[in-house]
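[1] here is my input; please provide its structure:
(one chain, ligands or ions: 1)
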Amino acid sequence: MVRDQIDRIGVVGAGTMGSGIAQVAATNGYDVVLRDVEPEFLENGFETIDHSLERLENRDALEAEPETVRGRIEGTTTLEDLAECDLVVEAALEELAVKREIFADLERVCADDVVLATNTSTLSITSIASNLEHPERVVGLHFMNPVPIMEGVEVVVGELTAEAVVDLAHELAMDLGKTTWEADDKPGFVANRILMPWINEGIRAYDEGVASKEDIDAGMELGTNVPMGPLTLADHIGLDICLHATETLHEELGDRYKPAYLLKRKVEAGTLGKKTGSGFYEYD
Ligand SMILES: NC(=O)c1ccc[n+]([C@@H]2O[C@H](COP(=O)([O-])OP(=O)(O)OC[C@H]3O[C@@H](n4cnc5c(N)ncnc54)[C@H](O)[C@@H]3O)[C@@H](O)[C@H]2O)c1
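    A predicted model of the protein is given here:
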């Protein structure tokens, strides 16, 4: 059974993502318990939230008062304070051992019907849940950075994730004003499987002197209409996060830089995209 009456959301980790998730949940009327390991990390998280709320209010993009939103978030360093939460989202370090330990702790303090979600960028949901008694309640709820601004949330389905848990993950994300897509528990899911090699190649191109960092970013922004080039985006994500993600992808997927088999076959078949009326999609 899955608890689907969600009033109080637990967030583990008050860093870049956890603070954003807490803010968005509180903005949408949920009570939030935000947990980190040291008071100073919580303080940093609350500072980030305050700045973000202030910016949104100045842009008239916040319906509630910042103090009301802020008042719904309780910070704690005590694990047991998550016991009354109806759902928990983990957004701590991108390391499997750390996440496994956190989920074992959560299983100990949270009721059996509470969904435990992870914001992991690339780690396997199934691996994170593998030593739990109830792995069926673990799901990927992959918010994008910065959480208050980005609309998309990737729902990641582990081998053992129950269907009701997946449904609840979509519903919750939509209730937070997000739009979801769903991915299987394969390395990097959709977003990072494609994004991380792109960032990595931007870094490599810079290192190999292809262009200045400004020109690499400008080339991708102006040439491909993305809002941010790879080096700027890497900085926004956090280079450590990028490295952990890329290492996971490398370990799991190996050499991904050869042209895709399907790409070659489609070109040989003359299905070149919009200009021929058919590529990966059909065009009128
Ligand atoms: N940064 C991004 O752009 C981004 C985007 C999507 C997903 N993610 C994922 O979100 C997660 C968090 O990333 P981040 O960028 O917020 O990292 P971060 O380093 O900014 O924050 C992580 C926080 O977790 C805390 N923490 C560590 N162990 C903990 C524990 N046992 N209990 C409670 N808190 C603990 C740390 O003290 C830190 O405050 C990672 O899994 C990352 O891969 C990151």
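
[2] is Q5 in a helix, a strand, or coil?
    Under DSSP: H, G, I helix; E, B strand; the rest coil, Q5 falls in the coil class.

[3] residue contacts, the closest residue to the ligand within the chain?
    Closest approach of the chain to the ligand (C-beta to the nearest ligand atom) occurs at G15, with a separation of 1.8 Å. C-betas here are computed from N, CA, C, even on glycine. By C-beta atoms under 8 Å, 6 or more residues apart in numbering, G15 lies in contact with D36, F41, N44, G45, A91, A92.

[4] could you do S124 as well?
    G158, D185, P187.

[5] among the residues you listed, which are within reach of the ligand?
    Here nothing survives when those are matched to the ligand using C-beta under 6 Å from any ligand atom.

[6] give the buried subset of these as a PyMOL selection command.
    Here the buried members of the contacts of S124 are turned into a PyMOL selection, burial being counted by 16 or more other C-beta atoms under 10 Å:
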select buried, resi 158+185+187
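
[7] what lies in contact with whatever helix or strand A97 lives in?
    Using DSSP states H and E, A97 sits in helix 96-109. Applying C-beta under 8 Å, 6+ apart, the external contacts of helix 96-109 come out as 10, 12, 79-80, 82-83, 88, 90, 92-93, 116, 118, 120, 123, 127-134, 138.

[8] just the buried residues of it, please?
    Those would be L96, K99, R100, I102, F103, L106, E107, V109, for helix 96-109 by 16+ other C-beta under 10 Å.

[9] pull the distance from that helix to the chain's centre.
    What separates the centre of helix 96-109 from the centre of its chain is 18 Å, taken as C-alpha atoms, centre = their mean, to the nearest Å.

[10] and it, anywhere near the ligand?
    Yes: on the criterion C-beta under 6 Å from any ligand atom, helix 96-109 is in touch with the ligand at V98, I102.

[11] now do the SS call for L123.
    Relying on three-state DSSP, one would call L123 coil.

[12] that one: what's it in contact with?
    L123 makes contact with E94, L96, K99, T248, according to C-beta under 8 Å, 6+ apart.

[13] show the pLDDT at the third one.
    Per-residue confidence for K99 comes out at a pLDDT of 98.

[14] may I have the phi/psi pair for the residue of the chain closest to the ligand?
    Here is the backbone geometry of G15 (degrees, to the nearest 10): phi -80, psi -150.

[15] could you check the distance from it over to R265?
    Going from G15 to R265 by C-beta to C-beta, to the nearest Å gives 43 Å.

[16] likewise E74?
    Taken as C-beta to C-beta, the span from E74 to R265 is 55 Å.

[17] more neighbours: those two, which one.
    Between E74 and R265, counted using other C-beta atoms under 10 Å, the more crowded position is E74 (14 against 10).

[18] how confident was the prediction at the residue lying closest to M144 once chain neighbours are set aside?
    The shortest distance from M144 to any non-neighbouring residue, by C-beta to C-beta, 6 or more residues apart in numbering, is to M150 (3.7 Å). pLDDT recorded at M150 is 96.

[19] re earlier: turn the contacts of S124 into CSV, columns for secondary structure, distance to H244 and pLDDT.
    Listed next are these as CSV, based on DSSP: H, G, I helix; E, B strand; the rest coil; distance: C-beta to C-beta, whole Å; pLDDT from 0 to 100:
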residue, secondary structure, distance to H244, pLDDT
G158, coil, 19, 98
D185, coil, 17, 98
P187, coil, 12, 92
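
[20] and I128, what pLDDT?
    98.
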